[in-house]
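**Q** Next input, structure requested:
(chains A, B, C and D)
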Amino acid sequence: MLKKILVANRGEIAVRIMRACQELGYEAVAIYSEADRLAPHVRMAQEAYLLGAPQISESYLRGDKIIDIAKKCGADGIHPGYGFLAENADFAESVIDAGLTWIGPPPQAIRLMGDKVAAREIMGKAGVPLVPGVGRVGETISDDELIASAHELGFPLLVKAAAGGGGKGMRNVYQAEDLPGAIRAARREAQSAFGDDRVYIEKLIKNARHIEIQILGDTHGNIIHLGERECSIQRRHQKLIEESPSPVVDEDLRQKMGSIALKAAKAVNYYSAGTMEFVLDKKKNFYFLEMNTRLQVEHAITEMVTGVDIVKEMLRTASGRRLRYKQADIKVKGWAMECRIMAEDPANNFMPSIGKIIGLTNPTGPGVRVDSGIAYGLEITPYYDSLLSKLIVLGDTRGETVLRMRRALEEFRITGIATTIPLHIQLMNSTRFQAGQIDTNFLEKNFKFNQISDPELMEVAAIAATLLAHQRNQRAILLHQGGPSPWRLYGRREVLDRRIR
Amino acid sequence: MLKKILVANRGEIAVRIMRACQELGYEAVAIYSEADRLAPHVRMAQEAYLLGAPQISESYLRGDKIIDIAKKCGADGIHPGYGFLAENADFAESVIDAGLTWIGPPPQAIRLMGDKVAAREIMGKAGVPLVPGVGRVGETISDDELIASAHELGFPLLVKAAAGGGGKGMRNVYQAEDLPGAIRAARREAQSAFGDDRVYIEKLIKNARHIEIQILGDTHGNIIHLGERECSIQRRHQKLIEESPSPVVDEDLRQKMGSIALKAAKAVNYYSAGTMEFVLDKKKNFYFLEMNTRLQVEHAITEMVTGVDIVKEMLRTASGRRLRYKQADIKVKGWAMECRIMAEDPANNFMPSIGKIIGLTNPTGPGVRVDSGIAYGLEITPYYDSLLSKLIVLGDTRGETVLRMRRALEEFRITGIATTIPLHIQLMNSTRFQAGQIDTNFLEKNFKFNQISDPELMEVAAIAATLLAHQRNQRAILLHQGGPSPWRLYGRREVLDRRIR
Amino acid sequence: MKYITTIGDAKFIIDVNHDGQVTIDGAEINVDMQQMFDSTMYSVLIDGKSHDLRMNEGDGVYAVQLSGAIFEVVVEDERTRRLAGLKSGATVTKGEIIIKAPMPGVVVEVTVVPEQEVAAGEVVLILESMKMQNEFKSPRAGKVRAVRVSSGEKINQGAVMVIIA
Amino acid sequence: MKYITTIGDAKFIIDVNHDGQVTIDGAEINVDMQQMFDSTMYSVLIDGKSHDLRMNEGDGVYAVQLSGAIFEVVVEDERTRRLAGLKSGATVTKGEIIIKAPMPGVVVEVTVVPEQEVAAGEVVLILESMKMQNEFKSPRAGKVRAVRVSSGEKINQGAVMVIIA
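**A** Next up, the predicted model:
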């Protein structure tokens, strides 16, 4: 039985996992970098230990230090969250070798699925449909060879890093002349993100949707799927909005994709939580993309519609307990959607935004859940992923969910930094999005940010800005009139405060 | 069809109702007193109109002004929330006479049930079991007559105001000599709260639980119940914690109480939302207490376990639409609990607390809902009810719910004023509470606040206070050493800031 | 500097030296205390244990709230002890007691009259605020010196209501 | 005082007189604007309509965010117009463009060299921050005057990266 869990992560996912620990009566141990001393995961943990400097290479990627801390403080298990060390098979093995419980899938499955080219091969052998593509296990294919093969495959196509995930090291290529540059860019990004510049190419399925199946298994061979998630709203291969169920997946397709996903998982003797990602074309043919051998960012929407607490099941099954659910217990009820709230400025080409959070109101009320890694007064630093919070909403129908999401987004107030909240509000107002007519190109092809010209809103903005300018004018005039008086000192102080905060 | 709803209330319930409006695509109109200009209900509404001075007699009780505003701004319905004008039958009639939709039960039912003595008579005739008691419809009974009857009934007993509700004008009396004082106190409170000093007496059921049944009906004669809520955790007849289901109500008893409640509701041709309150004794006999002809504070826990959005159903049925549910659709799933977060100081005899909210973190995450009327920077004034927020939690089992509630309470941070959060945390840690061994005397008889002597916590408190005192000492010494230096100015500014905020 | 810190009957000797080293009852501990942005919250790490607490100081007493507990902590060093010695003539058991309104409200009832003898814990006044009636009790036995408010009166925060001598 | 307020092509004449009366394009309106505690949020009531908005000012441009829209609002009165007249020699189309790092990061690649001609919109540099690679483009055509950073270099917020003339 587990009693004390070290959560080898930060931000919203560390908070999420600690909540599950506390609700199961386990103690949670946080690790943190120098930049994260005041972060919520440190404050809510029962224990917290410093790793080192802010850079991830000095902190959250230091598997050796993390295992050392776990042993010293008497933790009996490590949950890696996602990112950082979550899909590092060597780390998982070191955890197990140190006599600790690894709260995740078998290291061998992580290793097999971690190389996307190898994963394609295994999945193909297991009878899982694949996107046509070119790659060879364990080998670097030269740029020239890739370019030659590309002409056989035909355009458009996708250059993908063999290692890693999370949308990094990927490039869409629509015409032959862009291919050499795309290969170079993908290699560069892959090298920087994963230390491995191997890439391969795949046919790009047009008008495709990104559909994935959540898997959950125990160490006794029981494994089930929890239905699908649609994650077609992406920007540069980064998911921004996810929903479950998908507007186009019916019960029949769900069961078909689910059983293929289970077949694939069984091919690598999988247990714990994991996800099979597929592309779904307009004719509802689906093709294996990759497997994520970890808890995913978007797991919460599946929790909302199935009632299964995926993190608690990971914790329970990690200590050898049996899954609490059978396939027949899993019923999708209602409609869940997630918006990822990022520290990025949608009005400025999604430039990352840093600074202090000087105001924060999380939306609440019926059907609203926020999984968040931020707090009032927290400094957002440039060292980590820009995901601040996940806004997750459940409604009876997709229509109710979209309205509820819009209402919750309007309530969500983060001041001090720029966020993607305005983008999400505009997406909820898009009639195409409302109609569920989305694919992975939607955000970049069928939607334009900030094309709002509602005359009433413009008038409000004009009035508000003018009044603020007027107020400042008046104050400036008074400040310049002479020596200090109590009133003027007060005014000056206020100005100062505003500038500082 | 409704399009624009005026919400004749403030605080968390106004916010709750506006969320439902927005999710149904209706516009919400707020009304506010001078004290509430910056309150969340004003900020989230589409329109907002000033009523007058902070005192409720000048603002939220001004039915005439409210109807006037509704007509002028083109609202087509009024939702009264709870408290204020919600159970004022004259106001309901005026709304209807003004050609507006009253989003609540029939005025006649409000009137009949508003007089508790009259309600007892109607319920008795309809075959609903009553607590033995003494009272006469429409008449004042003299103190002497009440005292004489008391000896027939026997002690302990309860003196209750004939008018009003919400636990006001009620006194428990355990021995004859306390009766005259209790009658006087109850009359005084009733006169001040309801302008009516009539009281009656009822036998006090020992070790009783407060169990209530939620009712929901439409104008076509369809009426259903949504199971029970247990509200035994009370202080001075004010509910502090509610849960659904009750730890002692089984399916059999639920159906029995439910059908009695429906019988009672039909006796007054009820529709919209309402609640039948009962006491349940140790032998599981139950007796009618009173009917609340309005939405209740604790409605949200019923929403969590049944999946029915009570406020949306009120809005839908008010415009003549049929109830979306039949009795057979209602299934209780999971366990919900609510803690009322009040601006009261549990360490100081629950003295109301006022001041500015200088820090606010609402708990979030799986299974947590907060219905709140406060915001960062808001001034809590002495004019209104002390309810700040409702923390509502859903879990699979009562055990999970209690653990989740404790976790959420630990995350809940309100600074600037005192709140009941520490009381709730201590209650969640009480083994008797955890075991569900509660009755309406629990809080006052079987639980003692702040008897914590955990040596580790005390050591932490001692260290923290000492370090803060030390820091202040050091700063004071430096401040007294002489002329300003940059460091010292900084220190001085910090001290100033802290005092102001 | 050495402090004598008490919570009720419990007493802790806490030493904070110039390098920031801290000992409690002689045992050295590793403490990292950080004030949060809203100024009354603190994050405290003590030998790796993480505590999030709320702390307010008033009249020299630190009210510390953590994990649902509220502790009243008194911190004394040499200097504060000396000050306490000087002030001791004005403690509750001897001087006048001024009962002030902790918030604006309406006086519901004054249950005492001037010159009346009151027992410790006896109700002297009922004030309504936030829709609640709050009883104010005499903290010790004494005689009512003055009554400054009357029933039905609206009063401001800080208003003197009753004085007991 | 009279203001000429513009959002893109839309122009509003807004007059605020000494009594706080406000007219927009000649029509009188009833406005109540309140700054919230976190200082960049405002609650605005205009003829009863309630708007909750966020507003930041930078370089004389007010960024107003409401209902998911972000508007860049320019407010001019007589005085600011005069100032604008004085400053107009230094606009983007003529002077040097200094591309600074908006946040600390690692330079992934510098895609230009000094003296190179660049087109408007041409990528000059890629900076990695928050695990993302961000491209910096030249806002107009010109010649690279200086490159102050190199690939792999860690730079601080505000560091000058590239200057275009």
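
**Q** Confirm for me that C:Val107 is in contact with C:Glu153.
**A** Yes - counting by C-beta atoms under 8 Å, C:Val107 does reach C:Glu153; the two are 4.8 Å apart. Where C-beta positions appear, they are placed from N, C-alpha and C, glycine not excepted.

**Q** higher neighbour count, those two?
**A** C:Val107 (20 against 15; other C-beta atoms under 10 Å in any protein chain shown).

**Q** Any figure for the gap between the more buried one and C:Val147?
**A** Distance from C:Val107 to C:Val147, counting by C-beta to C-beta, to the nearest Å: 10 Å.

**Q** can you list residues touching both of the two?
**A** C:Met161 (C-beta atoms under 8 Å, 6 or more residues apart in numbering or on different chains).

**Q** Reduced to three states, what does the residue of the stretch 351-500 of chain A found nearest chain C come out as?
**A** Chain C sits closest to A:Gly377 of the stretch 351-500 of chain A, with a gap of 2.3 Å, by C-beta to the nearest C-beta. Secondary structure, DSSP: H, G, I helix; E, B strand; the rest coil: A:Gly377 is coil.

**Q** by contact count, what packs against the helix or strand harbouring A:Ile183?
**A** In this assignment (DSSP states H and E), A:Ile183 forms part of helix A:179-194. Helices and strands touching helix A:179-194, by 3 or more C-beta pairs under 8 Å, 6 or more residues apart in numbering or on different chains; DSSP states H and E, are helix A:143-153, strand A:157-161, strand A:170-173, strand A:199-203, strand D:105-110.

**Q** rerun that using 7 Å as the cut-off
**A** Packing partners of helix A:179-194 (3 or more C-beta pairs under 7 Å, 6 or more residues apart in numbering or on different chains; DSSP states H and E): helix A:143-153, strand A:157-161, strand A:170-173, strand A:199-203.

**Q** Of all those, which one comes closest to chain C?
**A** Closest among these, using C-beta to the nearest C-beta: strand A:157-161, at 37.6 Å.

**Q** any residues touching the closest one, and which ones?
**A** Outside strand A:157-161, the residues within contact range by C-beta atoms under 7 Å, 6 or more residues apart in numbering or on different chains are A:116, A:150, A:168-173, A:182-183, A:186, A:190, A:194, A:199-204.

**Q** mind checking which helix or strand of the chain has the lowest mean pLDDT?
**A** All of this refers to chain A. helix A:486-500 (a mean of 31; mean pLDDT, DSSP states H and E).

**Q** Hmm, no, I was thinking of chain C.
**A** Taking mean pLDDT, DSSP H and E as the measure, helix C:78-87 is the helix or strand of chain C with the lowest mean score, a mean of 61.

**Q** Can you get me a residue count around residue 48?
**A** By default, I'm working from chain A. 26.

**Q** could you do chain C instead?
**A** C:Gly48 has 18 neighbours, counted by other C-beta under 10 Å.

**Q** Enumerate every residue touching residue 103.
**A** Assuming you mean chain A. Going by C-beta under 7 Å, 6+ apart, A:Ile103 touches A:77-79, A:314-315, A:318.

**Q** other chain: chain C
**A** Applying C-beta under 7 Å, 6+ apart, the residues near C:Met103 are B:352, B:354, B:382, C:129, C:157.

**Q** Now do the SS call for it.
**A** C:Met103 is classified as coil under three-state DSSP.

**Q** So for it, what's the pLDDT?
**A** As predicted, C:Met103 sits at a pLDDT of 78.

**Q** Relative to chain A, how far out is it?
**A** 26 Å (C-beta to the nearest C-beta, to the nearest Å).

**Q** Give me the phi and psi for that residue.
**A** When quoted as degrees, to the nearest 10, the phi and psi of C:Met103 stand at phi -160, psi 160.

**Q** ok so, going back, which one of the helices and strands packed on helix A:179-194 is the most hemmed in?
**A** strand A:157-161 (a mean of 25; mean count of other C-beta atoms under 10 Å in any protein chain shown).

**Q** Point out where the stretch 401-501 of chain A drops to low pLDDT.
**A** A:476-501 (pLDDT under 70).

**Q** all helices of it, in order?
**A** A:421-429, A:431-434, A:442-445, A:455-479, A:486-500 (DSSP state H, counting those that start in this stretch).

**Q** returning to what we had before: nearest to C:Gly48, out of the helices and strands packed on helix A:179-194?
**A** Closest approach to C:Gly48 among those (C-beta to C-beta): strand A:157-161, 38.4 Å.

**Q** Quickly run through the sheet partners of the closest one, with directions.
**A** strand A:170-173 (antiparallel), strand A:199-203 (antiparallel) (DSSP bridges).

**Q** mind checking how far it is from the chain centre?
**A** In this view, strand A:157-161 has its centroid 20 Å away from the chain centroid, taken as C-alpha atoms, centre = their mean, to the nearest Å.

**Q** and the angle from it to helix A:179-194?
**A** For strand A:157-161 against helix A:179-194, the angle by axes from the mean of the first three to the mean of the last three C-alpha atoms, to 10 degrees is 30 degrees.

**Q** ok so C:Val124 is a strand residue?
**A** Yes - using three-state DSSP, the assignment for C:Val124 is a strand.

**Q** Just to check, it is in contact with C:Asn134?
**A** No - counting by C-beta atoms under 7 Å, C:Val124 stays clear of C:Asn134, with 11.9 Å between them.

**Q** Give the burial count for C:Asn30, as a bare number.
**A** By the criterion of other C-beta under 10 Å, C:Asn30 has 10 neighbours.

**Q** The closest residue to it other than its chain neighbours - how many residues pack around it?
**A** Excluding the flanking residues, the one nearest C:Asn30 by C-beta to C-beta, 6 or more residues apart in numbering or on different chains is C:Asp47, at 5.2 Å. As a burial measure, C:Asp47 scores 10 neighbours (other C-beta under 10 Å).

**Q** And the pLDDT at C:Asp47?
**A** Per-residue confidence at C:Asp47 stands at 96 (pLDDT).

**Q** Touching, it and C:Asp32? I think so.
**A** No - using C-beta under 7 Å, C:Asp47 is not in contact with C:Asp32; the gap is 10.0 Å.

**Q** Quick check: residues of chain C near chain A?
**A** C:34, C:36-38, C:43, C:45, C:48-50, C:52 (C-beta under 7 Å from any C-beta of the partner chain).

**Q** one step back: average pLDDT for the helix holding A:Ile183?
**A** When pLDDT is averaged along helix A:179-194, the result is 88.

**Q** For it, buried residues please.
**A** Neighbour counts over helix A:179-194 (16 or more other C-beta atoms under 10 Å in any protein chain shown) mark A:179, A:182-183, A:185-190, A:192-194 as buried.

**Q** Longest strand in the chain, please.
**A** Let's take chain A. The residue-count maximum for a strand in chain A (DSSP state E) belongs to strand A:223-235.

**Q** meant chain C, my bad for not saying
**A** Using DSSP E, we find that the single longest strand of chain C is strand C:49-58.

**Q** Can you report how many residues lie near C:Thr23?
**A** Neighbourhood size, C:Thr23 [other C-beta under 10 Å]: 14.

**Q** next helix or strand past the strand or helix carrying it?
**A** C:Thr23 is part of strand C:22-24, with elements assigned from DSSP H and E. Toward the C-terminus, strand C:22-24 is succeeded by strand C:27-29 as the next helix or strand (DSSP H and E).

**Q** Check which helices and strands that following strand sits against.
**A** Under the contact criterion of 3+ C-beta pairs under 7 Å, 6+ apart, strand C:27-29 touches no helix or strand at all.

**Q** how does it look with 8 Å?
**A** strand C:22-24.

**Q** The residue positioned nearest the centre of chain A: what's its closest spatial neighbour, skipping adjacent residues?
**A** Central residue of chain A (C-alpha atoms, centre = their mean): A:Val297, 3.8 Å from the mean position. Excluding the flanking residues, the one nearest A:Val297 by C-beta to C-beta, 6+ apart is A:Tyr82, at 6.2 Å.
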